[in-house]
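S.K.: Model the structure of this input:
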Amino acid sequence: MNVAIYQMDVIPGDVRANHKRVEEWMEKTVPNSDYEIVVLPEMWTTAYTLPELQEIADVDGEPTTSFLQKMAKQYGVHVVGGSFANKIEGEVYNTAIVVNKQGEVVHTYDKIHLVPMLDEPTYLAGGKESAKIFELDGVKMGIIICYDLRFPELTRQLALEGAEVLFIVAEWPLARRNHWVALQKARAIENQMYVISSGRVGSYNGTTFSGTSFIIDPLGDVVAEGSIENEETIVGELDSSKVRDARKNVPVFQTRVTNLYKYY
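M.R.: Predicted structure coming up:
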């Protein structure tokens, strides 16, 4: 299963312009390729223009859901559509979405953990449901958003439910890039799963972002890695047999001693 990640900069507050940029990238990148999944970053429609989100966020998932459905059907590719500001009953959520190549929405997830250092709880509502499994071409997968990465319980739960691939969509700050790198490798190794991340590049409101999108295999080895500063496409191949082999050769899930774990 071949994956292409769009590591992009985001035009602050301009949903239409960012849709256009993704449309142009798809038109340039996907035709005549063997990509089966494309991946976008966190909050790619608006960036973190938090004080403006009540005015510019999608409403009940539109227009971004329809846009991604159109792209998926037009190019015959699964779209892990990053996340976008999504206003539901007056509250704005950071919503991730997955659309299959038939144009069907197969999964949504609202970011649970809001970042207090960025004052996110003032402007965003936290998701009310835990991360769940979805499938693309019969492979079980999960998705989390940026700061969620710091909470390993979320990813372990997905792995215990059979996820072989974890997507992480993010706008991770450059100042904490070492955490971004180390935590992704840790999630891959401890859960023996692929980790695929899509980060943004550029700067906004005094924060420079770390880019460094990854494809990491179940042994923690890097399949592909993006740069810190460049817009680019990162590509790599997923092989489910590597997940099965890792879990067979080091049977972490069969040797857990859960009765001695106090909190999990």
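S.K.: Tell me where the stretch 1-150 of the chain has strands.
M.R.: 2-7, 37-39, 58-59, 78-88, 91-99, 105-110, 134-136, 139-145 (DSSP state E, counting those that start in this stretch).
S.K.: Of these, give the one that comes closest to Val201.
M.R.: strand 2-7 (6.1 Å; C-beta to C-beta). Any C-beta I mention is one placed from the backbone N, CA and C, and that applies to glycine too.
S.K.: Flag every buried residue along the closest one.
M.R.: Neighbour-count burial for strand 2-7 flags Val3, Ala4, Ile5, Tyr6, Gln7 (criterion: 16 or more other C-beta atoms under 10 Å).
S.K.: roughly how far is that strand from the heart of the chain?
M.R.: 11 Å (C-alpha atoms, centre = their mean, to the nearest Å).
S.K.: in the chain, which residue is closest to the centre?
M.R.: When C-alpha atoms, centre = their mean is applied to the chain, the residue found nearest the centroid is Val169 (2.6 Å).
S.K.: For the helix or strand where that residue lies, name the packing helices and strands.
M.R.: Element membership for Val169, per DSSP states H and E: strand 165-170. Applying 3 or more C-beta pairs under 8 Å, 6 or more residues apart in numbering; DSSP states H and E, we find strand 165-170 packed against strand 78-88, strand 139-145, helix 152-160, helix 177-191, strand 194-199.
S.K.: Tell me which of these sits most buried.
M.R.: Of all the helices and strands packed on strand 165-170, strand 194-199 has the most neighbours on average by mean count of other C-beta atoms under 10 Å, namely a mean of 28.
S.K.: quick one: contacts for the nearest residue to Arg176 once chain neighbours are set aside?
M.R.: Nearest residue to Arg176 in three dimensions, chain neighbours excluded: Ser210, at 7.7 Å (C-beta to C-beta, 6 or more residues apart in numbering). Contacts for Ser210 were tallied using C-beta atoms under 8 Å, 6 or more residues apart in numbering; they are Trp172, Pro173, Leu174, Arg176, Arg177, Trp180, Gly199, Ile228.
S.K.: my guess is the second one meets Gly206, correct?
M.R.: No. With contact defined as C-beta atoms under 8 Å, Pro173 does not count as touching Gly206 (10.0 Å).
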